[in-house]
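Q: give the three-dimensional model of this entry:
(chains A and B)
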2 protein chains.
Amino acid sequence: MSIEAVVPFKPVNPKSRLSSVLSKVERELFAEAMLSDVVLSLKGAGCSPYILSTVPLHCTHAEVKVSSGELNPVLNSLIAGSSGPLLIIMADLPLVTPDVVRRIISTPSDMALGPGRGGGTNAIFIRDRIRFHVDYYGASFLKHRGIAEQAGLTCEIVDSFRLHTDIDEKEDLVELLIHGHGRAVDFLKRCGFSLSIEKGRVGISRLTEE
Amino acid sequence: MSIEAVVPFKPVNPKSRLSSVLSKVERELFAEAMLSDVVLSLKGAGCSPYILSTVPLHCTHAEVKVSSGELNPVLNSLIAGSSGPLLIIMADLPLVTPDVVRRIISTPSDMALGPGRGGGTNAIFIRDRIRFHVDYYGASFLKHRGIAEQAGLTCEIVDSFRLHTDIDEKEDLVELLIHGHGRAVDFLKRCGFSLSIEKGRVGISRLTEE
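A: Next comes the predicted model:
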């Protein structure tokens, strides 16, 4: 049975912490490229993905459902609304491969959590929807681990840097340029970005058109 | 057969990028606590670790060899000097568990690389010493992957955030406070550090004695 996978997505003014290196239009296109990478990895792992977008959106790879509500109540009503296993995965994870998705959904535990850098939660896989609810924002990884514990659910913490690395800041683009191989890294390269090394530290630089 | 594991270590003025939150003595003790965590994880995975230190050092958990030379030539003469599989792993990886070490040394490939955040290399496992040499600093992960390719060695890139997360900066302490469970996180907590949440972002704060 193909596992339902939902990817929350906010198309409007996305990735504001990248404003110093990407214009608003570039950030929108970059966010869509990252979303495509995630959706294609979900399909590559045999999941049935759909996008939960805050505004209408065209996507050739997956169905789009529109909901303008707050993330937590929207996801919790979605969890409560049907049965079967569910994967919730963030849209800014272009390093995730089908192999990573397979590691998540093949957990021997009742559920799996993919921590994100800085205390967030990049993926939640649940088999038993009745006993779990989401609580994003802040140190959500600790909250989600606590919810699992209180519900008596065994929970695997998926140890993957590809899943851990959400792309939020300029420094994260280094990871994408080194480890990426999809639409998001192609977009960055088309924009003129490459790795640069200054005083032994790896950073990024951008060729500007003359 | 127990696998030889070498942990390079610089005890003098370590972790200078943590100077804003830890004094020099605290950074020294913190670096030693992280080293202990790594050494104990190596032993937990059945490796035979020793520390390659730039100055004499007392460690109850592993033998210490002193060499004041530059890292690359010292490690390359060590690689060339004997035979058998070798694991080189950095000392600032307190999130690494015995499970992570087992994942590295049980690779089905000729060798394994553990990338570090920002282009570095946190672990190198080689079976065939003759065909490999190290080249640390800068974007060393890409250099090491290239050296493996040129030597015709198959190489697994170990996908682990515990191995990817070297502790260099204040933001990295968040990861340690969330995911750590050894001497390094105990030391941080004894120093009064805890997680704090401001404007939805997770950071660290420190209780100061009155």
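
Q: who are the packing partners of the longest helix that chain A contains?
A: Longest helix in chain A, counting residues (DSSP state H): helix A:24-44. The contact analysis (3 or more Cβ pairs under 8 Å, 6 or more residues apart in numbering or on different chains; DSSP states H and E) places helix A:24-44 against strand A:4-9, strand A:48-53, strand A:86-89, helix A:98-105, helix A:183-190. Backbone N, C-alpha and C define where each C-beta goes, glycine included.

Q: buried stuff in that helix?
A: A:26-43 (16 or more other Cβ atoms under 10 Å in any protein chain shown).

Q: quick one, phi psi at the most centrally placed residue in chain A?
A: Centroid check for chain A by Cα atoms, centre = their mean gives residue A:90 as the closest residue, at 2.4 Å. Note on residue A:90: its backbone torsions stand at phi -80, psi 160 [degrees, to the nearest 10].

Q: hmm, residue A:116 and it touching each other?
A: Yes: at 7.2 Å, residue A:90 counts as touching residue A:116 under the criterion of Cβ atoms under 8 Å.

Q: need the residues touching each of those two.
A: A:122, A:166 (Cβ atoms under 8 Å, 6 or more residues apart in numbering or on different chains).

Q: what is the burial count for residue A:60?
A: The tally of other residues near residue A:60 (other Cβ atoms under 10 Å in any protein chain shown) stands at 6.

Q: so it, which state does it fall into?
A: coil (DSSP: H, G, I helix; E, B strand; the rest coil).

Q: roughly how far does it sit from chain B?
A: Look at residue A:60 and chain B: by Cβ to the nearest Cβ, to the nearest Å, they are 28 Å apart.

Q: could you check the pLDDT of that residue?
A: Predicted confidence (pLDDT) for residue A:60: 84.

Q: what do you get for residue A:209?
A: 61.

Q: the helices and strands packed on helix A:24-44: which one's closest to chain B?
A: Proximity to chain B (Cβ to the nearest Cβ) singles out helix A:98-105 among these, at 6.9 Å.

Q: so for that closest one, what's the average pLDDT?
A: Here the average pLDDT along helix A:98-105 is 98.

Q: ok now do residue A:51, which residues does it touch?
A: A:6-7, A:9, A:35, A:39, A:57, A:59, A:62-65, A:91.

Q: at 10 Å instead, please
A: A:5-9, A:11, A:35, A:38-39, A:57, A:59, A:61-66, A:91 (Cβ atoms under 10 Å, 6 or more residues apart in numbering or on different chains).

Q: do the same with residue A:103
A: A:45, A:97, A:112, A:114, A:123, A:125, A:156, A:158-160, A:162-163, B:159.

Q: neighbour-wise, give me the winner out of these.
A: residue A:114 (31 neighbours).

Q: how close does that one get to residue A:181?
A: According to Cβ to Cβ, to the nearest Å, residue A:114 stands 20 Å off from residue A:181.

Q: once you drop chain neighbours, what's closest to residue A:67?
A: residue A:74 (4.9 Å; Cβ to Cβ, 6 or more residues apart in numbering or on different chains).

Q: name the element the one you found belongs to?
A: helix A:71-81 (DSSP states H and E).

Q: could you export that helix as CSV, CA atoms only?
A: The C-alpha coordinates for helix A:71-81 follow below in CSV (Å, rounded to 0.1, in the frame of the first residue of the first chain):
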residue,chain,number,x,y,z
LEU,A,71,-0.3,24.6,10.4
ASN,A,72,-1.0,22.8,13.6
PRO,A,73,-4.9,22.7,13.6
VAL,A,74,-4.9,22.0,9.8
LEU,A,75,-2.5,19.0,10.2
ASN,A,76,-4.3,17.8,13.3
SER,A,77,-7.7,17.8,11.6
LEU,A,78,-6.1,16.0,8.7
ILE,A,79,-4.6,13.4,11.0
ALA,A,80,-8.0,12.9,12.7
GLY,A,81,-9.9,12.9,9.5
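
Q: buried residues, that helix. List them.
A: Neighbour-count burial for helix A:71-81 [16+ other Cβ under 10 Å]: A:71, A:74-76, A:78-79.

Q: which residues of chain A score low on pLDDT?
A: Along chain A, the parts satisfying pLDDT under 70 run over A:209-210.

Q: quick one, what contacts the closest residue to residue A:135 other than its chain neighbours?
A: Closest residue to residue A:135 apart from its sequence neighbours, by Cβ to Cβ, 6+ apart: residue A:143 at 4.5 Å. Taking Cβ under 10 Å, 6+ apart, we find residue A:143 in contact with A:119, A:121, A:134-137.

Q: picking up where we left off before, ChimeraX command to pick out the buried ones of the contacts of residue A:51?
A: ChimeraX command restricting the contacts of residue A:51 to the buried ones, with burial defined by 16+ other Cβ under 10 Å:
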select /A:5,6,7,8,9,11,35,38,39,59,62,64,91
